[in-house]
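**Student:** can't give you the sequence, but here's the structure:
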Ligand SMILES: Nc1ncnc2c1ncn2[C@@H]1O[C@H](COP(=O)(O)OP(=O)(O)OP(=O)(O)O)[C@@H](O)[C@H]1O
């Protein structure tokens, strides 16, 4: 069997500042072509992790593999990364096009049409002589993304690119990222302190809290977790499933690895479900309605801990 390919693999990365751990045992694996949302509150360690990946700082412990290479092979592989970390590195007093020319020259890229191509890609081709200091926040973020795309990266790292944007701005960035992924087959790691903001932009979510990875979940699993259902616990799950199919005439349920069962129907008629189970000799250990908003889900994953 062919071994799974990873764009990035970290193993037990740790980093401290002034004796306190900012990253602790961070192990993540990113597969090609996916969009990973890195979600965590302010100070959770998102920027630090991105800086470690891009080689701006070094971890004290743990290891890192990029495109299958580690150790002395990392600097070469990092050329395949485009990033916008913390703030877009825009020069505010020259035009968007001049910004791109500046960074293109710095990177030694000869293409004559690169500026046109990137400006069109991020929807800034009509900005003409307007200076970035007068751009809206969304325009600045889009120019920052264009700059990060200069080397035609395969792996794009964006730190909070939707922070402070209005809902329309969030949608613009979302559409841009989805397009980049589709047209350029890029893998993206994008951070935010707000799970709902990245919802549907990301295919996978990594939740970080106080430097530790709390959860790695796919969009499908996230939606599954947030979908309302009746959670039923009982010792005889097979018998329970049989009663649900035969007596309640639905197959809209799922047996979980811990043998509890999630029933997605009859939410408005729970009394009928309870009565049917009793009538059929099912003894339940749990019978509750569950399902979360994205925000509640996030809070439940980080354990409801507030930052101090
Ligand atoms: N250079 C530094 N020196 C000292 N402490 C630092 C440094 N950089 C980060 N920290 C601390 O590390 C912790 C994690 O910071 P980081 O910027 O990685 O978090 P974040 O999740 O990106 O948060 P935000 O959303 O606020 O940017 C914070 O407590 C921060 O104060």
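**Tutor:** Received it, and whenever you're ready, just let me know what you need. Keep in mind the model is a prediction, meaning the values are calculated, not measured. Residues are numbered from 1 along each chain as shown.
**Student:** Which residues of the stretch 151-300 of the chain lie near the ligand?
**Tutor:** The stretch 151-300 of the chain comes close to the ligand at residues residue 193, as judged by CB under 6 Å from any ligand atom. Where C-beta positions appear, they are placed from N, C-alpha and C, glycine not excepted.
**Student:** By residue count, tell me the biggest helix in the chain.
**Tutor:** Determined from DSSP state H, the single longest helix within the chain is helix 167-184.
**Student:** Which positions within it qualify as buried?
**Tutor:** 169, 170, 172, 173, 174, 176, 177, 180, 181 (16 or more other CB atoms under 10 Å).
**Student:** what sits against the last one?
**Tutor:** So that's residue 181. Shown in contact with residue 181 (CB atoms under 8 Å, 6 or more residues apart in numbering): 33, 35, 187, 188.
**Student:** now swap in residue 49 and tell me
**Tutor:** 13, 23, 26, 38, 208.
**Student:** Just say helix, strand or coil for the last one.
**Tutor:** By that I understand residue 208. strand (DSSP: H, G, I helix; E, B strand; the rest coil).
**Student:** For beta bridges, what are the partners of it?
**Tutor:** Beta-bridge pairing for residue 208 (DSSP bridges): residue 213.
**Student:** Could you give the residue of the stretch 101-250 of the chain that lies closest to the ligand?
**Tutor:** Nearest residue of the stretch 101-250 of the chain to the ligand: residue 193, at 5.0 Å (CB to the nearest ligand atom).
**Student:** Helices of the stretch 151-300 of the chain, start to end?
**Tutor:** Assigned by DSSP state H, counting those that start in this stretch, the stretch 151-300 of the chain shows helices spanning 167-184, 195-198, 219-226, 237-247, 270-279, 294-301.
**Student:** Please convert the buried residues of helix 167-184 to TSV, extending it with pLDDT.
**Tutor:** Shown next, in TSV, are the buried residues of helix 167-184 (pLDDT from 0 to 100):
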residue	pLDDT
169	84
170	87
172	85
173	87
174	89
176	88
177	91
180	87
181	88
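**Student:** Can you turn the buried part of the contacts of residue 181 into a PyMOL selection?
**Tutor:** Buried members of those, defined by 16+ other CB under 10 Å, are picked up in PyMOL with:
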select buried, resi 35+187+188
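**Student:** about what we covered before: right, and the pair among the contacts of residue 49 with maximum separation?
**Tutor:** By the measure CB to CB, 13 and 38 form the most distant pair in the contacts of residue 49, at 13.3 Å.
**Student:** I'd like the helices of the stretch 151-300 of the chain as CSV, with distance to residue 139 appended.
**Tutor:** Output for these, formatted as CSV (distance: least, CB to CB, whole Å):
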stretch, distance to residue 139
helix 167-184, 9
helix 195-198, 18
helix 219-226, 28
helix 237-247, 53
helix 270-279, 50
helix 294-301, 27
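**Student:** Please name whichever of those is nearest to residue 113.
**Tutor:** Closest among the helices of the stretch 151-300 of the chain, using CB to CB: helix 167-184, at 15.9 Å.
**Student:** How far off centre is the closest one?
**Tutor:** 14 Å (CA atoms, centre = their mean, to the nearest Å).
**Student:** ok, now stretch 197-213?
**Tutor:** Relative to its chain's centre, stretch 197-213 lies at 4 Å (CA atoms, centre = their mean).
**Student:** What mean pLDDT does that stretch get?
**Tutor:** For stretch 197-213, mean pLDDT is 92.
**Student:** Next: stretch 33-45.
**Tutor:** For stretch 33-45, the mean per-residue pLDDT is 94.
**Student:** mind listing what's buried in it?
**Tutor:** Quick answer for stretch 33-45 (16+ other CB under 10 Å): 34, 35, 36, 37, 38, 39, 40, 41, 44, 45.
**Student:** That stretch and the ligand, are they touching?
**Tutor:** Yes - against the ligand, stretch 33-45 shows contacts by CB under 6 Å from any ligand atom at 40, 42, 43, 44, 45.
**Student:** which residues touch that stretch?
**Tutor:** For stretch 33-45, using CB under 8 Å, 6+ apart, the contacting residues are 15, 22-23, 26, 30, 46, 49-50, 177-178, 181, 185-195, 198, 201-211, 298, 302, 307.
**Student:** 7 Å instead, please
**Tutor:** If you take CB atoms under 7 Å, 6 or more residues apart in numbering as the criterion, stretch 33-45 is touched by 22-23, 30, 46, 177, 181, 185, 187-193, 195, 198, 201-211, 298, 307.
**Student:** Any chance of a ChimeraX selection covering the buried ones in those residues?
**Tutor:** Selection of buried members from these for ChimeraX, criterion 16+ other CB under 10 Å:
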select :22,23,30,46,177,181,187,188,189,190,191,192,193,195,198,201,202,203,204,205,206,207,208,209,210,211,298
